[in-house]
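Peer 1: give the three-dimensional model of this entry:
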Amino acid sequence: MYLVNKDMIIYIAVSNSCIFVFIQAVKQKKLFILDYHDILLPFVKKVRELEGTTLYGSRTLFYLNADDTLRPLAIELTRPPLDGKPQWKQAFTASWDSTACWLWRLAKAHVLAHDSGYHQLVSHWLRTHCATEPYIIATNRQLRVMHPIYRLLHPHFRYTMKINALARESLINGNGIIETSFTPRKYSMELCSAAYDLQWRFDLEALPADFINRGMAVEDPTAPHGLRLAIKDYPFANDGLLLWDAIKEWVTDYVNHYFPNAELVESDQELQSWWTEIRTVGHGDKKDEPWWPVLKTPQNLIDILATMIWVSSGHHAAVNFGQYVYAGYFPNSPTIARIKMPTEDPTEEDWKFFLRKPEAVLLRCFPSRLQATTIMAVLDVLSNHSPDEEYLGEKMEAAWGENPAIKGAFERFNGRLKAIEGIIDERNGNMSLKNRSGAGIVPYELLKPVSEPGVTGMGVPNSISI
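Peer 2: This is a model prediction of the structure:
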């Protein structure tokens, strides 16, 4: 999701009487957009050739209410020119009219399917599991096991290659669970590759940089964490920045102990070879991009390592362990839309059926029973913490305990994480924070550092291990 600014062109249909209000809302930074138009539109024709599914490019516009909750205003669905037919595009809005109300529900089902597919393939698989593999391989190739940076990263890379191999065997494999039950079916990995090409940047994987890039925050030295959020009650941002700061402080203490000056960073051949391999081999398709950080100073190293540790711990926890809690009930997050909108080139018979039984059309749009139950079972497994889970900042590496400076830094890290747990509990009990408390609202606990075993909707493991 992005903040809408004056430089964006919004094509969602708006009546002339609403233009002034729209412009004012943009100026007041009250409009936000969930934009899957450009990334999905190239796949529409191919996906529609498959049986039992359909696809659109979509944009959804939201208004920020005074209580910091987001209200959906309009959904635009687009089909490009297809089979000799011109482009089809329609905007849907909430309405008291029965027909428009059911069309709004169906439009939401399509957008939710787009969001589910993007979440699983890009926010989850690409940005955590995939992007981390080159870091792991380069760390094992270029750094000796006694190198201080190897020791720092090792807990955050455990089990990831194994779980990725299992995913390639049974989750993202050809005709596997993702390809049979998620948007955009057999083109899922192609979509993932397109998102990597168009959207992935290492320098934007750091949490503050991500928020700034999406217009969800601006730099402000007087604000907590140095950022002023566009949505004050933004649970992922508020809790995530606590975790980010704790990670950054721990990494800063660790790096400054072993690399107190720039000369030590630049002259460490293992370290330089490690960073070169990550950029030019692991992420070789992007090796010539100008946004790659240089590695010349302790601060450069701190920023790089904090980003890697955040991605493998906090980012992955936020997108993975709440999946069953939020999406186990499939109408809340359908993974696929199986039929087109009733207003897209309808036959007389189809339109009459929609008017007579709109609930039947919605059920036909939702995933099938087999798809829904399969995804429920898979999300239950993915959201599960094992009894021997290793959580962020919980267990000190043996070698660190022998070094007073590193031991003290880790103990401070551990203490900050325990304090974060209390802060999150306090926030979830604050009834003025409408996005995390209130009737029917799931408390936001995804970034609470520790969890009991099982499906809990909380807990931040050290590494991507599921």
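Peer 1: quick one: the most centrally placed residue in the chain from residue 311, how far?
Peer 2: Per C-alpha atoms, centre = their mean, the C-alpha nearest to the average position across the chain is that of residue 123, at 3.4 Å. Separation of residue 123 from residue 311 (C-beta to C-beta, to the nearest Å): 11 Å. C-beta here means a position set from N, CA and C on the backbone, and glycine is covered the same way.
Peer 1: and what of residue 344?
Peer 2: According to C-beta to C-beta, residue 344 and residue 311 sit 39 Å apart.
Peer 1: with neighbour numbers in mind, choose between the two.
Peer 2: The residue with more neighbours, out of residue 344 and residue 311, is residue 311; 22 against 16, by other C-beta atoms under 10 Å.
Peer 1: show me what contacts the more buried one?
Peer 2: 127-128, 131-132, 205 (C-beta atoms under 8 Å, 6 or more residues apart in numbering).
Peer 1: and with 10 Å instead?
Peer 2: For residue 311, the contact set (C-beta atoms under 10 Å, 6 or more residues apart in numbering) comprises 127-129, 131-132, 135, 156, 202, 205-207, 464.
Peer 1: my guess is it is in a helix, correct?
Peer 2: Yes - applying DSSP: H, G, I helix; E, B strand; the rest coil, one finds residue 311 inside a helix.
Peer 1: relative to residue 220, how far out is it?
Peer 2: Using C-beta to C-beta, residue 311 is found at 25 Å from residue 220.
Peer 1: ok, residue 464 next?
Peer 2: Distance, residue 464 to residue 220, by C-beta to C-beta: 32 Å.
Peer 1: for these two, indicate the residue with more neighbours.
Peer 2: Between residue 464 and residue 220, counted using other C-beta under 10 Å, the more crowded position is residue 464 (26 against 12).
Peer 1: grab the nearest non-local neighbour of that one.
Peer 2: Leaving aside its sequence neighbours, residue 464 sits nearest to residue 160 (C-beta to C-beta, 6 or more residues apart in numbering; 4.5 Å).
Peer 1: that neighbour touches residue 140, doesn't it?
Peer 2: No - counting by C-beta atoms under 10 Å, no contact exists between residue 160 and residue 140, whose distance comes to 11.5 Å.
Peer 1: who's in contact with the residue nearest to the centre of the chain?
Peer 2: Taking C-beta under 10 Å, 6+ apart, we find residue 123 in contact with 115, 195, 315, 318-320.
Peer 1: mind putting these into CSV with pLDDT and neighbour count?
Peer 2: CSV is the format used below for these (pLDDT from 0 to 100; neighbours: other C-beta atoms under 10 Å):
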residue, pLDDT, neighbour count
115, 97, 20
195, 98, 18
315, 98, 28
318, 98, 22
319, 98, 19
320, 98, 22
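Peer 1: ok, residue 160 and residue 140, which is more surrounded?
Peer 2: Remark: of residue 160 and residue 140, residue 160 carries more neighbours, 21 against 15, as counted by other C-beta under 10 Å.
Peer 1: give me the number of residues near the spatially closest residue to residue 431 that is not a sequence neighbour?
Peer 2: Nearest residue to residue 431 in three dimensions, chain neighbours excluded: residue 437, at 5.3 Å (C-beta to C-beta, 6+ apart). If you count neighbours by other C-beta under 10 Å, residue 437 ends up with 18.
Peer 1: I'd say residue 437 and residue 445 touch.
Peer 2: No - using C-beta under 10 Å, residue 437 and residue 445 do not qualify as a contacting pair, with a distance of 11.6 Å.
Peer 1: and for these two, which residues touch both?
Peer 2: Common contacts of residue 437 and residue 445 (C-beta under 10 Å, 6+ apart): 235, 427-428.
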